[in-house]
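Enquirer: whatever this is, show me its structure:
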Amino acid sequence: MTGEMLAKKIMSKMTVKKIIYCPSHGNVEVDVFKGEADDKAVCPYCERINEASRTAAIEKMRKLEVMGLYEEHYEATLDNFFPPTNKAKAHLEAIKGFAKKPGRKCLVFYGNSGTGKSKLLSALVKELGGKYTTYEWLNLRIKSSYSPKAKYSEEEIFKELCTIPFLAIDEIEKGPDKDRIEHLSFIIRERYERHKPLALAGNFTWSWLKETFDGSIINRWQCAGQSFEFDWDSYRPNLRSE
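Expert: Predicted coordinates:
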């Protein structure tokens, strides 16, 4: 007798079959432990549905983690971003247009902190597939590849960054200047040549961007890119007051 058969035999001696009423599935047959009240019984159909829901939720969370999203933006979509100004409303419509036909475009979100740049990047990653990262994490990941025990080589990391369906790099103004220029310039050029969309964001000015990147990168933005200034007030003080 196998272990499974033995377990079933033992359980059959400990339980009795009863009919209970489920609001969703009507009268259903269940196994109830002897001496246990009927109200402790659970509808097996509801139990399977709940288990499937839990499994789906866990799988969804795993996918979002692989995308690099922060938990606060797990539910972010282009439809639940509420623009506070007419300028923000126009930006949102243009970004929705990009999501429908991204092509080789490179978006740039720049301006004030707390204005929704990260949320919109996360929504685009969910919609287009790909990955969200901050520049500091990207830089750390590349540096970690220099270790002899590294799981991925620098070449493998850059190949992934340059070929995934969509890449969003946030907070590009943070981190070492030299590394930032080399890394981001390479990614921008490669994704442009491979017709892969890209989005960059941070709390910087357009003047900073022009001073940081060389003319060829700026030319690519002017040729196949869109820039959006987020110059309205931060929403974070509203969160503190809730």
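
Enquirer: tell me the contacts of the nearest residue to I187 once chain neighbours are set aside?
Expert: Nearest residue to I187 in three dimensions, chain neighbours excluded: L161, at 5.6 Å (C-beta to C-beta, 6 or more residues apart in numbering). C-beta: built from backbone N, CA, C; applies to glycine. For L161, the contact set (C-beta atoms under 8 Å, 6 or more residues apart in numbering) comprises K131, L138, L167, I187.

Enquirer: again, only this time at 10 Å
Expert: Contact partners of L161, counting by C-beta atoms under 10 Å, 6 or more residues apart in numbering, are 130-131, 133, 138, 141-142, 167, 169, 183, 186-187, 190-191, 196, 198.

Enquirer: kindly report the same for S153.
Expert: S145, Y146, K159.

Enquirer: re earlier: and the residue nearest to I187, that one's in a helix?
Expert: Yes. Assessed by DSSP: H, G, I helix; E, B strand; the rest coil, L161 belongs to a helix.

Enquirer: show the pLDDT at it.
Expert: pLDDT, L161: 95.

Enquirer: distance of it relative to I142?
Expert: For L161, the distance to I142 equals 9 Å [C-beta to C-beta, to the nearest Å].

Enquirer: quick one: average confidence on stretch 78-85?
Expert: Here the average pLDDT along stretch 78-85 is 93.

Enquirer: span of it from start to end?
Expert: 16 Å (C-alpha to C-alpha, to the nearest Å).

Enquirer: could you pull out the buried residues of it?
Expert: L78, F81 (16 or more other C-beta atoms under 10 Å).

Enquirer: can you check stretch 158-172 too?
Expert: F158, L161, C162, I164, F166, L167, A168, I169, D170, E171, I172.

Enquirer: among those residues, name the ones in helices.
Expert: Among those, the ones falling in helices (DSSP state H) are F158, L161, C162.

Enquirer: what about T134, how many residues nearby?
Expert: T134: 20 surrounding residues under other C-beta atoms under 10 Å.

Enquirer: give me phi/psi at it?
Expert: phi -90, psi 160 (degrees, to the nearest 10).

Enquirer: give me the beta-bridge partners of it?
Expert: D170 (DSSP bridges).

Enquirer: what sits against it?
Expert: Applying C-beta under 10 Å, 6+ apart, the residues near T134 are 68, 70, 118, 140, 168-172, 174-175, 201-202.

Enquirer: many thanks, I have nothing further to ask.
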